Structures are given as structure tokens and as C-alpha cells.
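# Model the structure of this input:
(one chain, ligands or ions: 2)
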Amino acid sequence: MNAPASGSDPLELLRGCFGHAAFRPHQRAAIDCLCTGRDALVLMPTGGGKSICYQIPAMLKPGCAVVVSPLIALMEDQVKALRQLGVSAAFLNSSMAASQRRRVEKDAVDGRIDLLYIAPERLLSAAGLALLARLSLLLFAIDEAHCLSRWGHDFRPDYLRLATLRQRFPGVPCAALTATADARTREEILEVLDMAGAEHFITSFNRPNICYRLLPGDRNMREALWRFIDGHPEEDAGIVYCPTRAKVEDTAAWLSDRGRTALPYHAGLPNELRRENQARFQNETGVIMTATIAFGMGIDKPDVRFVAHLGIPRSIEAYYQETGRAGRDGAPAQAWLCYGLQEIIQFRRWIEESDLRDERKRIERQKLEAMLGLCESGGCRRRVLLSYFGENHETDCGNCDNCLTPPRTEDGTLDAQKALSCVYRTGQRFGVAYLVNVLRGREDERLLRFRHHRIKTFGVGADRSVSHWHSVYRQLIAAGLAAVDSEHGGLRLTPLSEPVLKGGRRWELRVPAARPAGPVQKRKRAAPTAAPRENLGPDEEQLFDRLRAHRLILAKKLGVPPYVIFHDRTLIEMLRARPRSLEELGLISGIGATKLKRFGPDFLKLLASESEPG
Ligand code: ADP
Ligand code: ZN
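Numbering: from 1, shown residues only. Ligands and ions are numbered 1, 2, ... in the order given. Next up, the predicted model:
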């Protein structure tokens, strides 16, 4: 391993080693904070550039930075990428052979490693703590720090024990990093890690390049999904999150039938297959991963062009984090979600029937409500999303479904009165499917048994479709005019119902689009989703493909994903700038000194041969 350019200052390292021209907001300040031995809380959205905040101090200062990271895949990726930059990084995890582990441990003890990545369970074992005691420790970096919050959406009990680190090694500064933390999660992180005195570095959570679309669709979700995916060129990589393992496999098979490369990923698949599918997703183009939420924590792929959800995530944090895996490279990306009422009610029931403690149930319920509120909101999605994280944006974003095509509303007062009155007259204990039957005058056996064909609301909604009434109930629930009974999934009235039901207060109903789960856009190659190919001329396309082909050869040889060599954006800059010397090539963003030396001559040659006439 080469030693990194040490002794230089942070900016020199950023430029020389990482190949970036300037720091992003807060990066420099966080680096300085850690370099002077103080604790740091770093909150930046996915793709915001958190890693540099501890990597640069680790490279600049003597001693070993210990990085705690929950997933093995993530660790291996980061270490591979760092080694390509000439940084002395290594990881320790349970998948390694003992001899390999001993070698890393010896290197670390002898001071040959600047960055050591360790999984929490390994770190906190007796052997792990004993190893730490023998190292010259520079800092701890706790990645995905929200995992230690019970309130957070991704709680890992192992993470709570990280408090031990602070007790055992009180003098070592600590960086807690996460891409998702509302105020409460933030407090818990600070408390568990005993970091009351930490400096805070908080970047806006806005991901302007992601376009959000959330649509209801009780039936035909899959067709809607297909219309969405079909709007993307085949080389686009994407993730489709499904609620169950069965759905995952089903959807993968179905998309494959339609000619896409779709691979399943869930915790029930053999490790081997999971690893293989993940590797294909990372290394090939145009792979769609259909997955449960078990997938993604460790994914560092910058050019995921879309994330689709078949079904509602359990919280806004989860939604934000999952969609955040799209478009880390900053190029346009799509987040698409289709949700149904039935599944929301099941979700609620699942929460109630789980053996969670009451407080936890309440938290889960609130989180689901907030997520439902986002789904049903008629205003700018981004503003709702960001206000959940405490950011108030004054203007609409112009890059979400509601901004792009504002939903139509109509006077829904009468429909609301019918729907609510039906709830009331049937005794506030029936679920939506039953209520809709009453409204539409469908005499099923159960209905007759309860004599609900005799009540006033029977059949008053016969003129409207099932999905219309589903939509009405969903909007009533989201607006708090009806509540779902936790035990049986029955609907009941709330204090907000009365002004509409009795007082006749006007209630706006959002009218579903003509095609309920409508297409995102017509399939065309120049669609914004095709970025970063955007605006490439035909000649440039060819050269781009050749540069990519060469990158793939290098990547295979080195056993790393292609983007670890160069991002697409860097290749595009290359073909635009047509550098003729290593020096000129080095000016391009994403090309640091090490990469310039290793890969530069090859790429220069490719570029030069293209520039020759004929
Ligand atoms: P996070 O951990 O916050 O999700 P990463 O640290 O993985 O994000 O960085 C995301 C991407 O942004 C990486 O490709 C990284 O090289 C790039 N990046 C980080 N800092 C900068 C910077 N100052 N200028 C340009 N690109 C940067
Ligand atoms: Zn918007």
C-alpha cells in the first residue's frame, strides 16, 4: 500500500488524493473539529459526503481512525475505494479468515493503517476491545449513527453498546454520522455516545435531483410499476422495494419476463445468492434489484436512477433513506411510490398485534400517520418531507408530482358526509371494504346478517366506483376525519368529523388522476432519467461507450465496481474537455493524483485516438 500524501493540508488532500475541487458545506469545518480533538455530530443527506469528514483527518494525523459500520458490504466497498486512492485502509469482520485478520491486526498495531473499519459486534467483543487498547487511536467514527436510537427506524441493539467505547477510551474524539435523524433521534445519539459537547454539522436534507411521485393504487399496482419502469432506458439501474419476500420474488420474475434484468434480494435467500445479486447490481448496468428493506444499507452505488416502492414504508425516515439511494451522483433520479388503503390498514393491525411495548406502538403509529400524511398531501412533497426533518422551505420545489401536475380538487363535502354517516350508522366498528359495500348497496351475507341493508346510507353511493370510495376514506383518514380502530381495523369518527358531518363544513376531495396510477412519462431515451448521458452528441455517445468499456476492463481486473475507477460524470467531463496531457487530465473533478498515475495514460490514449481525424 502506498502512503497517502501526508503532511499536506485538508484542501490539498481533497484535490490531490480525492480529485475534488472544493469542500462542500460543513466538510471543512467538521474535519477541523476532529483534527483538533473535538467530537462532531455530522448530519448530511445520503451522498452528501460524510465519509471525507473523518477520512481526511485520518490521513492527515498520526494514529488510527476506527470506523464503526453496520454492514460488511459497505465496509468492503469503502476500503476498496480508499485503496484505489492510495490510502492505507483495512477492515475487520467476521467473514475473514483468521490469518487474514491477524495480518490486519498486526498492521494496525504497528501503525501501518490509517483507517480501520470494524463491525460493531466485532469491535465490542473482548478481543476487539483488547485490540483497540493496543492501537494509537486517533478518532472513532460511528457511521449510520441513527442505528443506536430506539426512536429511529433502524434500531440495532449492538449499537447501544457503543457507549462502552466512550467509557473505555474517554480521550478519543468521536464523530457520529448519519443521513437521517430528526430532533429526537439526534438527542438519543448524543446521549448514548455521551457527546453533549459535540459540534454539530448539519446540512440541508434536500435532494433536489430526486423527483418524488406518490400515488394511490389499490389495484394494478404492478401495471403502474411497469409503466414507471418502462419510462426508463434499459441501462438505468434501479431498486424496487416490496413489502414481502414473496412479492420480491414475484416482482423480479415478472419484470424479467418483460425483458428487464431484475434480481431478487431478501433475508430469506441463501447468502451466496444475495452476495452474487448484489455484486451484479453494483457492477453491471441496467440491473433492477427487487428487494425488501433488508437491501440497501450497504449500497454505495452512485448511479441508481430510480427507487420504486410497491407499498407504503413504515415511516418518513425510512422512505427518505430508501429513496435517498437514488441519484447520489447528483444527476436526475426518480422516487416513485404506489400505496393502497388495504395495506395501510394491515400495517396498522400488524403494529397493534405485535408484541411491541405500548410506547413503541404509539411511536410506530405516529410514524405511519406521518407517512400517510405525505402520501395524501396535495401540496409540494418536498416541503412536507423536509418539514418532517425540521426544515421549512418557503417555496414549492417544482420537481415533484404535485408541483409538476397540481392535483385537481372538487367539493367533496357530500361524499364525506355519506362516508362518515355510513361509519356512524354501522356502529363505528367496520372496515373500509364493508363500508364501501354498504355505500354501494351490495347485499352480501354479512351485511344482511347485521341488517345494514335497512339503514339510511345503504346504497347512497351506488353511483360511484369502489376505488372512488376507497379514495374518499383514505383522504378522510389522512386528514384525521376518520380514525382506524387499532384492534379490528374498523373506522370510527373523530372530533374533526362533526363539523363536516353535521355542520356541513366544506371538505375538498382530491380527484384521482384520469389514470389512477398513471405513467410517469413516455419512454424516450433523452428523458431526464437518462442522465448523465444527457445532451451527448452521437460521436460523444460512442466515445463515452468506449471509455466505459475500458473502465469495465480495469474494474474487472482490479475486482472493484466501475464507479470506483471513475464516475460517469468524470468520463463525460473527460470527453468534453479532451485533455491532451496528464496535467490537463488531472484538472478534471474526480481524478486525484493516484488515479491519474494509475489510469491516466490509458484514458489519455483513448481520448487521443478519438481526436485524430479519419
Ligand atoms: P455519504 O456517506 O454522505 O452518503 P459519501 O461520503 O459516500 O456520502 O460521498 C458521496 C459522493 O460524493 C462520493 O462519490 C464522494 O466522492 C463525493 N464527494 C464527497 N465530497 C465531495 C466534494 N467536496 N466534492 C465533490 N464530490 C464529493
Ligand atoms: Zn414540489
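# what residues are up against Ala338?
Actually, residue 338 is Cys. It isn't Ala. Contacts for Cys338 (CB atoms under 8 Å, 6 or more residues apart in numbering) come out as Leu214, Leu215, Pro216, Gly217, Met221, Ala224, Leu225, Ala308, His309, Leu310, Gly311, Ala517. (Glycine included, C-beta is placed from N, CA and C.)
# Helices - which of the residues you listed land there?
Per DSSP state H, helices hold the following members of those: Met221, Ala224, Leu225.
# can you tell me the helix or strand for the closest residue to Val432 other than its chain neighbours?
Closest residue to Val432 apart from its sequence neighbours, by CB to CB, 6 or more residues apart in numbering: Tyr473 at 5.0 Å. Using DSSP states H and E, Tyr473 falls within helix 466-478.
# circling back to that earlier point, closest to Ile31 out of the ones in helices among the contacts of Cys338?
Checking the ones in helices among the contacts of Cys338 against Ile31 with CB to CB, the nearest one is Leu225 at 42.4 Å.
# And Cys211, which helix or strand is it part of?
strand 210-216.
# Can you name the residues in contact with that strand?
224, 228, 323-324, 326-327, 332-341, 374-375, 381-382, 385, 399-401, 404, 470-471, 474, 512-513, 516-518, 520, 528.
# Which PyMOL command selects the buried ones in the residues you listed?
This is how PyMOL selects the buried members of the contacts of strand 210-216, with burial counted by 16 or more other CB atoms under 10 Å:
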select buried, resi 224+228+323+324+326+327+332+333+334+335+336+337+338+339+340+341+374+375+381+382+385+399+400+401+470+471+474+512+516+517+518+520
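# Just the ones of the contacts of strand 210-216 in strands?
Ala333, Gln334, Ala335, Trp336, Leu337, Cys338, Tyr339 (DSSP state E).
# Dump these into CSV; add pLDDT and distance to ligand 1 as well.
Below are those laid out as CSV (pLDDT from 0 to 100; distance: CB to the nearest ligand atom, whole Å):
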residue, pLDDT, distance to ligand 1
Ala333, 96, 14
Gln334, 97, 19
Ala335, 98, 16
Trp336, 98, 21
Leu337, 97, 21
Cys338, 95, 26
Tyr339, 91, 27
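# now, the most widely separated pair of those residues?
The farthest-apart pair in the ones in strands among the contacts of strand 210-216, when distances are taken by CB to CB, is Ala333 and Tyr339, at 20.0 Å.
# Show me what the one helix or strand Ala370 maps to is in contact with.
Using DSSP H and E, Ala370 sits within helix 358-376. With CB under 8 Å, 6+ apart as the test, helix 358-376 has contacts from 150-151, 153, 214, 216, 312-319, 337, 339, 344, 347-348, 351-352, 354, 356, 381, 384-385, 388, 474-475, 477-479, 486, 510.
# So is it next to ligand 2?
No: Helix 358-376 stays clear of ligand 2 (CB under 5 Å from the ion), getting no nearer than 11.8 Å.
# which of the residues in that helix are buried?
361, 363-365, 367-372, 374-376.
# With stretch 595-608 instead?
Those would be Lys595, Leu596, Phe599, Gly600, Phe603, Leu604, Leu606, Leu607, for stretch 595-608 by 16+ other CB under 10 Å.
# Does ligand 2 have contacts with the strand holding Cys211?
No: judged by CB under 5 Å from the ion, strand 210-216 and ligand 2 are separated, with a smallest distance of 7.3 Å.
# Run the angle between that strand and strand 333-339 for me.
Counting by axes from the mean of the first three to the mean of the last three CA atoms, to 10 degrees, strand 210-216 points 10 degrees away from the direction of strand 333-339.
# that older thread, could the contacts of Cys338 go into JSON lines alongside distance to Pro538 and pLDDT?
Shown next, in JSON lines, are those (distance: CB to CB, whole Å; pLDDT from 0 to 100):
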{"residue": "Leu214", "distance to Pro538": "37", "pLDDT": "96"}
{"residue": "Leu215", "distance to Pro538": "36", "pLDDT": "92"}
{"residue": "Pro216", "distance to Pro538": "42", "pLDDT": "87"}
{"residue": "Gly217", "distance to Pro538": "39", "pLDDT": "82"}
{"residue": "Met221", "distance to Pro538": "38", "pLDDT": "89"}
{"residue": "Ala224", "distance to Pro538": "34", "pLDDT": "93"}
{"residue": "Leu225", "distance to Pro538": "32", "pLDDT": "96"}
{"residue": "Ala308", "distance to Pro538": "31", "pLDDT": "98"}
{"residue": "His309", "distance to Pro538": "36", "pLDDT": "97"}
{"residue": "Leu310", "distance to Pro538": "37", "pLDDT": "95"}
{"residue": "Gly311", "distance to Pro538": "41", "pLDDT": "92"}
{"residue": "Ala517", "distance to Pro538": "36", "pLDDT": "41"}
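# Show me which pair in those residues is furthest apart.
Across the contacts of Cys338 (CB to CB), the longest gap, 14.9 Å, separates Pro216 and Ala308.
# thinking again about what came up before, measure how the strand holding Cys211 sits relative to helix 466-478, angle-wise.
Using the same axes, to 10 degrees: strand 210-216 against helix 466-478 is 110 degrees.
# how about the CA coordinates for strand 210-216, as CSV?
Taking C-alpha atoms only, strand 210-216 is exported to CSV below (Å, rounded to 0.1, in the frame of the first residue of the first chain):
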residue,chain,number,x,y,z
ILE,A,210,-34.7,13.4,-6.9
CYS,A,211,-38.2,13.8,-8.3
TYR,A,212,-40.9,12.4,-5.9
ARG,A,213,-44.1,10.8,-7.0
LEU,A,214,-46.6,9.1,-4.7
LEU,A,215,-49.8,7.7,-6.0
PRO,A,216,-52.6,5.6,-4.6
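# So is that strand next to ligand 1?
No: contact of strand 210-216 with ligand 1 is not found when judged by CB under 6 Å from any ligand atom; the minimum separation is 13.7 Å.
# gap between that strand and the chain center?
14 Å (CA atoms, centre = their mean, to the nearest Å).
# which residues sit against stretch 549-568?
77, 80-81, 84, 282-283, 301-303, 329, 331, 532-533, 548, 571, 574, 590-591, 595, 599, 602-603, 606.
# Let's have the ones in strands among the contacts of strand 210-216 in CSV, adding distance to Arg429.
Formatted as CSV, the ones in strands among the contacts of strand 210-216 follow (distance: CB to CB, whole Å):
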residue, distance to Arg429
Ala333, 44
Gln334, 41
Ala335, 37
Trp336, 35
Leu337, 30
Cys338, 29
Tyr339, 24
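# Point me to the residue of the stretch 51-200 of the chain nearest ligand 1.
Ser51 (3.4 Å; CB to the nearest ligand atom).
# Please verify my assumption that that residue contacts Met75.
No: Ser51 lies out of contact with Met75 (CB atoms under 8 Å); the separation is 11.7 Å.
# between the two, which one's more packed in?
Met75 (24 against 21; other CB atoms under 10 Å).
# could you give me the average pLDDT of the helix or strand harbouring the more buried one?
Per DSSP H and E: Met75 is located in helix 72-84. For helix 72-84, mean pLDDT is 86.
# burial count for the closest residue to ligand 1 within the stretch 351-500 of the chain?
In the stretch 351-500 of the chain, no residue comes nearer to ligand 1 than Phe389, which is 15.2 Å away by CB to the nearest ligand atom. As a burial measure, Phe389 scores 19 neighbours (other CB under 10 Å).
# quick one on the thing from earlier: go through the ones in helices among the contacts of Cys338 and name the one nearest Asp110.
When these are compared against Asp110 (criterion: CB to CB), the nearest one is Leu225, at 53.3 Å.
# wait, isn't that closest one in contact with Leu310?
Yes: shown here, Leu225 and Leu310 form a contact pair, counting by CB under 8 Å, at 6.1 Å.
# Let me know the pLDDT of the residue with the largest distance to the centre of the chain.
The C-alpha centroid of the chain is most remote from Arg454, which lies 50.3 Å away (CA atoms, centre = their mean). At Arg454 the predicted local distance difference test score is 90.
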